[in-house]
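[1] What follows is a predicted protein model with its sequence.
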Amino acid sequence: MMDLAKEKAARLLKKRASVSSLGSHEVRAKDTIGKTKDSISTVSYIDEPGHHDDIPRPTVHMENTYQLTPPQRFPVSTVKDILKDVLTSYLQEEKYEADLCRQMTKTISEVVKARVKDLMIPRYKIIVIIWIGQIRDQNIRMGSRCLWDATHDTYSSHSFKNNSLFAVANVYGVYFE
Amino acid sequence: MDEFQSAEETTFVVDEITTIIKETVESIIGNSPFQHNRTNSWTSSIIESSLNQLSKLGKPFKYIVTCIIMQRNGAGLHTANSCFWDNAIDGSCTVRWENNTVYCIVSVFGLAI
């Protein structure tokens, strides 16, 4: 019983990037590939081959750590500085162009994710979302709400604007219990 | 010993969530034209209603829901997301909805506890 419980509870934290950009032809299909005996199969289709490790790693059984709270909180201000830095350095001089911005959103989200990962905050899952849009006298309203544990989970956000485009970046940090 | 929930109850089911979100947006915006003073209440209602329905599913997930409402003006918008999580149990889905004057994009991220 304990083994079955451990097996079901044991999960490898896979360092896998799943990047999707919304164009006019957005299609996403997902089925699942698994390694443990009662899992289902997964293949995720993304635009570029990306960084998939095709070699399945052996399942690691993790022991219970009896840890209730994170040893280190999610550093909101540090992450905001990262976002500010990345957005201004990549977009300061750019003009809005469809292809460029499509690539740019993917690149920026990968870069931000890599830099936040470098902060090495243990047991936190990270979600990075980037929006880049054209300025053309339109109105836009963005909202986000989260159902989570407010004491441990948090987010950081930054927006950037120049003459022809605007960019918004959000990073959510969710504690993995 | 604890009984663990079956596989269907602990995975992120994209189709179910897509349906929920589509119905929510349809019921809140429907055929209305874009009005700047209403966007705030639209986003709040869409997100609140989606979260309520997601929590009613009773699955052991933390949810992040984002909603963007944009006027259809010929302007372009790109979005990308990059996630550091466990691919086997966490998932996301994005729903794009439009009418004659409004674009609405809702993204839901579900992270297993």
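    Right, received. Where do you want to start?
[2] Where does pLDDT dip in the chain?
    If you meant another chain, say so; for now it's chain A. For chain A, the stretches with pLDDT under 70 are A:1-62.
[3] hmm, I had chain B in mind actually
    B:1-9.
[4] quick one: buried residues of the longest helix seen in chain B?
    Identified as the longest helix of chain B according to DSSP state H is helix B:36-56. For helix B:36-56, burial by neighbour count (16 or more other CB atoms under 10 Å in any protein chain shown) applies to B:Arg38, B:Thr39, B:Trp42, B:Thr43, B:Ser45, B:Ile46, B:Ile47, B:Ser49, B:Ser50, B:Leu51, B:Leu54. Using the backbone N, CA and C atoms, a C-beta is placed for each residue, glycine as well.
[5] contacting residues for the third one?
    B:Trp42 sits next to A:Arg141, B:Ile28, B:Ile29, B:Ile69 when contact means CB atoms under 8 Å, 6 or more residues apart in numbering or on different chains.
[6] can you pull the contacts of the last one?
    Yep, that's B:Ile69 we're talking about. By CB under 8 Å, 6+ apart, B:Ile69 lies in contact with A:Ile140, A:Arg141, A:Met142, B:Ile29, B:Phe34, B:Thr39, B:Trp42, B:Thr43, B:Val102, B:Tyr103, B:Cys104.
[7] at 7 Å what do you get?
    Counting by CB atoms under 7 Å, 6 or more residues apart in numbering or on different chains, B:Ile69 makes contact with A:Arg141, B:Thr39, B:Trp42, B:Thr43, B:Val102, B:Cys104.
[8] Skip the chain neighbours and tell me the closest residue to the first one.
    Spelled out, that is A:Arg141. Sequence neighbours aside, B:Thr39 is the residue nearest to A:Arg141 in space, at 3.9 Å (criterion: CB to CB, 6 or more residues apart in numbering or on different chains).
[9] In contact with that neighbour, which residues?
    Taking CB under 7 Å, 6+ apart, one finds A:Asn139, A:Arg141, B:Ile69 in contact with B:Thr39.
[10] So in that sheet, which strands flank the helix or strand containing A:Ile130, and in what orientation?
    Take DSSP states H and E as the rule and A:Ile130 turns out to sit in strand A:124-134. Strand A:124-134 sits in its sheet next to strand A:165-175 (antiparallel), strand B:77-84 (antiparallel), going by DSSP bridges.
[11] Those strands into JSON lines, with extra columns for distance to A:Glu63 and mean neighbour count?
    Below are the strands paired with strand A:124-134 laid out as JSON lines (distance: least, CB to CB, whole Å; neighbours: other CB atoms under 10 Å in any protein chain shown):
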{"stretch": "strand A:165-175", "distance to A:Glu63": "19", "mean neighbour count": "23"}
{"stretch": "strand B:77-84", "distance to A:Glu63": "22", "mean neighbour count": "23"}
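[12] Out of those strands, flag the one nearest B:Ala112.
    Proximity to B:Ala112 (CB to CB) singles out strand A:165-175 among the strands paired with strand A:124-134, at 10.2 Å.
[13] With only the CA atoms kept, save that closest one in CSV.
    Taking Å, rounded to 0.1, in the frame of the first residue of the first chain, the C-alpha atoms of strand A:165-175 are listed here in CSV:
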residue,chain,number,x,y,z
LEU,A,165,4.6,48.4,-29.4
PHE,A,166,3.8,47.5,-25.8
ALA,A,167,4.9,44.4,-23.8
VAL,A,168,3.6,42.9,-20.6
ALA,A,169,5.4,40.2,-18.7
ASN,A,170,4.0,38.2,-15.8
VAL,A,171,5.9,35.6,-13.7
TYR,A,172,3.9,33.4,-11.3
GLY,A,173,5.6,31.4,-8.5
VAL,A,174,3.6,28.6,-7.1
TYR,A,175,4.8,26.5,-4.1
